[in-house]
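Colleague: pasting the sequence and the predicted model now:
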Amino acid sequence: MKLIFTLNGEERSCTIEPDEKLLTTLRNLGTTSPKKGCGEGACGSCAVLLNGTLVNSCITFAATCSGAHVTTVEGLGHPNDPHPIQEEFVKAGAVQCGFCTPGMIMATKALLDSNPDPDRSQIMSALDGNRCRCTGYVKIFEAVGNAAKRLSTSKGDGGKP
Amino acid sequence: MSDEMELKVVGHSQPKLDGLALACGTEKYVADDLPQGTLVVKILWSPHAHARIVSIDTEAASALKGVRAVLTWKDLPRVPHTTAGQGFPEPSPYDTFTLDNKVRFVGDRVAAVAADNESIAAQALALIDVKYELLPAILDPRDSMERGAPIIHDEPEAHVVIPVPYDPATNLAAACQASFGDVEKGLAEADFVVEREFSTHQAQHCPMEPHVALAWIDPRGRLVIRTSTQVPFHVRRIVSQRLQLPVKQVRVIKPRIGGGFGSKQEVLLEDLVGAMALKTRRPCLLELTRKEEFISSRTRHPQILNVKAGVKKDGTLTAFDLNILMDTGAYGSHALTVLSNSGSKTLPLYRWQNVCFQGTTVYTNLPVGGAYRGYGATQAYFPLESVMDELAEGIGMDPIELRSRNHIRQGESSPIFEALGEGRSGVAQAVESCSLAKCIELGAQEIGWHQKRGRFRNSTAAVRRGVGMCCLMQGSSIPEIDLASAYIKMNEDGSFNLLLGATDLGTGSDTIMAQIAAEEIGTEPSAFNVYSSDTDLTPFDVGAYASSTTYLSGQAVRKAAAKIREFIILVASRMMDVPMAQVSVAGSSCIGPSGQILTFAQVATHSLYVADQAQIQAGASHIAHKSPPPFAAHFAEVEVDTDTGEVKVLTYVSATDCGTAINPRLAQGQVEGAVLNGISFALTEQYLYDQRGRMLNPDFNSYKVFGAGDVPDIRTILVPSWESSGPFGAKSVSEIGINGPMPAIANAIFDAVGVRLTRSPFTPETILRALKRL
Amino acid sequence: MGRIQSILRPETIAEAVQLLRQGNGRAAVLAGGTSLAVRSPANVDTLVDISALGLHGVAGFDGGLSIKARTPLAHVAASAAAQQFLDGVIPTACNRVASTPLRNMITFGGNLFQPLPWSDLPALMLALNADFVVTQEQTRTISADTLYAPGARSIVKPGDILTEVRIPAPPPDSRAVFHKVSRTGFDYATLDVAVAATMAGSTIAACRVVLGCVRTLPIRVAAAEEELIGKSPSPQLFASAAAKAAGSIEPAHDFRFSQEYRRHLIKVWVRRALHETFGTSEAIR
């Protein structure tokens, strides 16, 4: 069947299997930042924003995404023009192997969109579905806190939303 | 400390060179970049713990539309090998075949298919008809060497290639021993003796990216494998051995990979996916599912450790006797070396007057042990540091005091260094750098040791707190055995290409190598394009294991960089027409005796195009002649709920001496990741089996790893020292952190509720039983 | 595992019911889909996506709480109406389910209607004796007592769609507590305990004590309830009710834990839940 949806701001059209998961669809379209870490919604490596809400794309039926807006890290920024969240993750040392990073950054985006000044326990809760085995999360929490400060001070001066 | 200098680049927290690309999703992992027409390879796994394959009928599977190849043991040459990614000749037994006519654990390989897509591959697997002759299985290592036990490796081909103990007829996979003095005498002289049996459990690395490999035949017929590996050069050698191809015909590339922690120090998938590519002449992708990662990749070897230790009232450690029974599962990868590391990385830490270490590794019909961060030390630190605590209590001495009096110091050695190697004899060494005393002092202060220790000893409250600590050492590389090399060439704009075999699994080694090279040459890390781990394009490196990347590979990089610096000075001196000795380098420029300045770009352009043309380039190799230990002191504060058995880690402090931290933030990241992994290993991770040896919990929902919602207050202190044999004073940091949590938490639990745990993990049920509440 | 051949998205409830009935047992409701995406029943080949049916929203009514069935747990937890109801016990329970992205996907109705053995919310709804509004051709209301009675599979008929969960207004001086025991934060429950009680002066007029994730369905602990009703709260009473709970419920086999341990936890956590229930200083209307 045919699926038409918006991916990182661009309309995309593709053919999907009925039981295909959004993760497979995205990766088949060349958007490979969402990863398959477990295939059952237990690790968050596949996490993307679906209509602004954080979901596990490996257990989202692509067929239910008709007309939806999907955002991944490719839509947030590029090495030549990164999003503040991406920069803060790198500066804090929150990126080691990087496999969890796209999902982690989308979880951070979802958090800061709804709560621009989260405390540590809110950060922990917002990221509780994103597993990382490399960092122990310490630098990740630091990165989220730094990103929150940076985004709130840059509001109104043309910074990325 | 000699040879210290003002470091401009090393010692700074340079952001990772690939960090932004990873955060923006532009870097590619193995499965992100597939050639057109890539086939999906799937494996049929054994449902039985021990069985012969009597017949295997693949006709129906092969006939299914979209199936391009089906392989069984009949289709491949029978080449015994080890999957362990170790230097040649490997100390692990050659007891594995790519596909065999016998299965030795639930999850062992039976057959493989390559098909157009995953769905067809799965259907094909279901069509393979296998008849098994069931054999009795061994599910407990204590049964492995009993008389009449079934022989797991009864094939005639199983053998070892270096002279080490190995007797598959009795299920003996490895053995080692080392001793000095007379432990019985030492125990008799002691004022207080502890004798206990400990056990540590099986666990999985849980890299976020499961094992995955892609293979294809290039236009000239060479086999190319792009794989998630820690050991590209060992992969090349072992694949060429297994598929009977010359090494020249095989190329192995490691792209970005999603973690390893030792699980990928193993040649697990590459032979099979390579065989499929050769058979089908199509690119083939083999990706383990998470369930397959748990069951059919590698695990931490479980151990049963018997300890006897003695101490005198004045704190003299008179004897330490350690006897280990290790379970390697169905195959012997790392069976000897994990065992010997249990002794070599623990016994030198304290000045025991008499030591006896013996270890035996046996086969069982269970999922296989392999390399896992800590590598035997993780297991042995639990009894060592628990017993140290108990000895201290026994003579009424503070546990920190007993350790402080007895730990190895700068300038000292231990007979163990020479006695225990990695399959060969070890290497004698004296400790040049050790700031362990400072680590203990700073860590104790940070956790509030003196205020908190013993506070709940007389409490009857349901919820009680305690603090516990431990000391640790590890090693840095495998001396006299492992090789690293690097190559640098200079581009006309003053930038460099640094090519090295060393494997970045996300640790940031590419970045710190650029820092080392930049420091040595006199330029910035941003001047480097770093390209690593391609067996065609980068020089040899054993790979990322044994905590060797910074210490060993880094020194190869420094040596190459030193030659580059000299070459640059040579060219500049000719350009300036002055003697080389009068030219200095700073800030990416050469400075002449009368202040004339030539930028690196000017020098390089001149050398490539203008006169005495030459490519400014250099390569270097390095082997280590010692394995200088990093040291650490860990402190845990826990809260124990005696009604529910729950243990909560409130605060965890580590103070680590890794020599010079080339990149402090990345070094902290290594410690923090290791610490949280260790905490989760101590408290919640475990393999659960049914009576037929089938793993019951091969997924994240039932195998519990600490998540973001579980993280305690983790505080990381780096305490410098200077190791002159390492690049700019550096030692290793990647493994040591994972060894602390189990003993530190066990000791903290004792402080809180007065029970000594000897079996891991410390689940609520374990605590309740120890408290006799169940 | 079943192979899904089609996913349909009706725009009215009547259409949805028709599609389910036409499926003849091979069609199932797709709400959050978090379980179906991993494992669909062998006979199911058609999913009926109910996201266009307007079954979304949380609102108070006459002191009670209405939650439309397809509302994601995160929305329930964030809603002011749910936070104000019984001291926010429903958001407390929702926030202990799974993880952040999963709470954005799992629906309130999906966690409750034909629940899986590890679903957490059924224990709380049974404690609150929630009503389940179910529609096929006609609309009917099924109480939690009925829906979760052992052997109740036949209560839900093919073609039924849960549209709403209604928790009646609690009597004055009522309170409710929910606790989930688990090994890590993001985990299936080792045990769920839900207690709902109403005081009459200083005695316990009504009380439900429910355990979740010890059997396939949540289970009321009659022995504990009988012990409590008509008496005044006290630590001794809680201890004896908890002991009776542990003695009367045989946990189903769970490969992760021993029976002994789970029975011990029942005793400890029923006692603690009772302390928490009756220790609140003020009843919430």
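Modeller: Happy to help now that I have it. Since the structure is predicted, the reported quantities are computational estimates derived from the model, not experimental observations.

Colleague: okay, CA-based contacts and neighbour counts for the rest of this
Modeller: OK.

Colleague: C-terminal to the helix or strand that contains A:Cys14, what's the next element?
Modeller: Under the criterion of DSSP states H and E, A:Cys14 resides in strand A:10-15. In the C-terminal direction, the helix or strand that comes right after strand A:10-15 (DSSP H and E) is helix A:22-28.

Colleague: so that following helix, near chain C or not?
Modeller: No - between helix A:22-28 and chain C, judged by CA under 8 Å from any CA of the partner chain, nothing touches; the nearest distance is 10.8 Å.

Colleague: for the strand holding A:Cys14, packing partners?
Modeller: Packing partners of strand A:10-15 (3 or more CA pairs under 8 Å, 6 or more residues apart in numbering or on different chains; DSSP states H and E): strand A:2-7.

Colleague: what residues are up against whatever residue of chain A ends up closest to chain B?
Modeller: Proximity to chain B, evaluated over chain A using CA to the nearest CA, is greatest for A:Cys97 at 3.4 Å. Neighbouring residues of A:Cys97 by CA atoms under 8 Å, 6 or more residues apart in numbering or on different chains: A:Cys134, B:Arg256, B:Ile257, B:Gly258, B:Gly259, B:Leu505, B:Gly506, B:Thr507.

Colleague: ok, the residue nearest to B:Arg455 when sequence neighbours are not counted to B:Ile738 distance?
Modeller: Once flanking residues are discounted, B:Arg455 sits nearest to B:Gly466: 7.3 Å by CA to CA, 6 or more residues apart in numbering or on different chains. To B:Ile738, B:Gly466 is 21 Å away according to CA to CA, to the nearest Å.

Colleague: likewise C:Ala74?
Modeller: 36 Å.

Colleague: and for B:Val675?
Modeller: For B:Val675 relative to B:Ile738 (CA to CA), the value is 5 Å.

Colleague: repeat for C:Gln259
Modeller: Counting by CA to CA, the gap from C:Gln259 to B:Ile738 is 32 Å.

Colleague: which of these two has more residues huddled nearby?
Modeller: Using other CA atoms under 10 Å in any protein chain shown as the criterion, C:Gln259 and B:Ile738 rank with B:Ile738 on top: 26 against 15.

Colleague: give me every residue that touches the more buried one.
Modeller: Contacts of B:Ile738 by CA under 8 Å, 6+ apart are B:Arg373, B:Gly374, B:Thr378, B:Val671, B:Ala674, B:Val675, B:Leu676, B:Asn677, B:Gly678.

Colleague: just the contacts of A:Cys97 now: which is nearest B:Glu209?
Modeller: B:Gly258 (4.6 Å; CA to CA).

Colleague: so for the residue lying closest to the closest one once chain neighbours are set aside, what's the pLDDT?
Modeller: Closest residue to B:Gly258 apart from its sequence neighbours, by CA to CA, 6+ apart: B:Glu209 at 4.6 Å. Note for B:Glu209: predicted pLDDT of 98.

Colleague: what about the closest residue to chain C within the stretch 451-600 of chain B, how many residues nearby?
Modeller: Residue nearest to chain C within the stretch 451-600 of chain B (CA to the nearest CA): B:Ala462, separated by 11.4 Å. A count of nearby residues for B:Ala462, using other CA under 10 Å, gives 11.

Colleague: now swap in the one 10 residues further on and tell me
Modeller: Taking other CA under 10 Å as the neighbour definition, B:Leu472 ends up with a count of 26.

Colleague: hang on, it packs against B:Ala632?
Modeller: Yes - assessed by CA atoms under 8 Å, B:Leu472 is found in contact with B:Ala632 at 5.0 Å.

Colleague: which neighbours do those two share?
Modeller: B:Ile736.

Colleague: state the distance from C:Gly60 to C:Asn129.
Modeller: Counting by CA to CA - C:Gly60 and C:Asn129 are separated by 16 Å.

Colleague: residue contacts, B:Ala111?
Modeller: B:Ala111 touches B:Ile43, B:Leu44, B:Trp45, B:Val70, B:Leu71, B:Thr72, B:Trp73, B:Leu99, counting by CA under 8 Å, 6+ apart.

Colleague: swap the cut-off to 10 Å and go again
Modeller: B:42-46, B:56, B:58, B:70-75, B:98-101, B:125, B:128, B:130, B:272 (CA atoms under 10 Å, 6 or more residues apart in numbering or on different chains).

Colleague: what does the stretch 101-250 of chain C have sitting close to chain B?
Modeller: C:Val181, C:Ser182, C:Arg183, C:Thr184, C:Gly185, C:Phe186, C:Asp187, C:Tyr188 (CA under 10 Å from any CA of the partner chain).

Colleague: rerun that using 7 Å as the cut-off
Modeller: C:Arg183, C:Thr184, C:Gly185, C:Asp187, C:Tyr188 (CA under 7 Å from any CA of the partner chain).

Colleague: assign the residue in the stretch 651-774 of chain B that chain A sits nearest to to helix, strand or coil.
Modeller: Nearest to chain A in the stretch 651-774 of chain B, going by CA to the nearest CA, is B:Gly673, at a distance of 4.0 Å. Three-state call for B:Gly673 (DSSP: H, G, I helix; E, B strand; the rest coil): helix.

Colleague: from what I see, it and A:Gly136 are in contact.
Modeller: Yes - assessed by CA atoms under 7 Å, B:Gly673 is found in contact with A:Gly136 at 4.0 Å.

Colleague: out of the two, which sits in the busier spot?
Modeller: A:Gly136 (26 against 23).

Colleague: doesn't B:Leu768 make contact with B:Leu774?
Modeller: Yes - here B:Leu774 lies in contact with B:Leu768, judged by CA under 7 Å, at a distance of 5.7 Å.

Colleague: the two: which is more packed in?
Modeller: B:Leu768 (20 against 14).

Colleague: ramachandran coordinates for the more buried one?
Modeller: Per-residue torsions, B:Leu768: phi -60, psi -40 (degrees, to the nearest 10).

Colleague: which residues does the residue nearest to it when sequence neighbours are not counted contact?
Modeller: The shortest distance from B:Leu768 to any non-neighbouring residue, by CA to CA, 6+ apart, is to B:Gly645 (5.1 Å). With contact taken as CA atoms under 7 Å, 6 or more residues apart in numbering or on different chains, B:Gly645 is in contact with B:Pro764, B:Glu765, B:Ile767, B:Leu768.

Colleague: swap the cut-off to 8 Å and go again
Modeller: Contacts of B:Gly645 by CA under 8 Å, 6+ apart are B:Thr763, B:Pro764, B:Glu765, B:Thr766, B:Ile767, B:Leu768.

Colleague: for the helix or strand hosting B:Arg68, what does the pLDDT average out to?
Modeller: Assigning secondary structure by DSSP H and E places B:Arg68 in strand B:67-71. In this model, strand B:67-71 has a mean pLDDT of 98.

Colleague: can you list the strands that that strand pairs with?
Modeller: Strand B:67-71 sits in its sheet next to strand B:109-115 (antiparallel), going by DSSP bridges.

Colleague: pull the distance from the partner strand to the chain's centre.
Modeller: On the basis of CA atoms, centre = their mean, to the nearest Å, strand B:109-115 is displaced by 29 Å from the centre of the chain it belongs to.

Colleague: for it, buried residues please.
Modeller: Using 16 or more other CA atoms under 10 Å in any protein chain shown as the test for burial, strand B:109-115 gives B:Arg109, B:Val110, B:Ala111, B:Ala112, B:Val113, B:Ala114, B:Ala115.

Colleague: many thanks, I have nothing further to ask.
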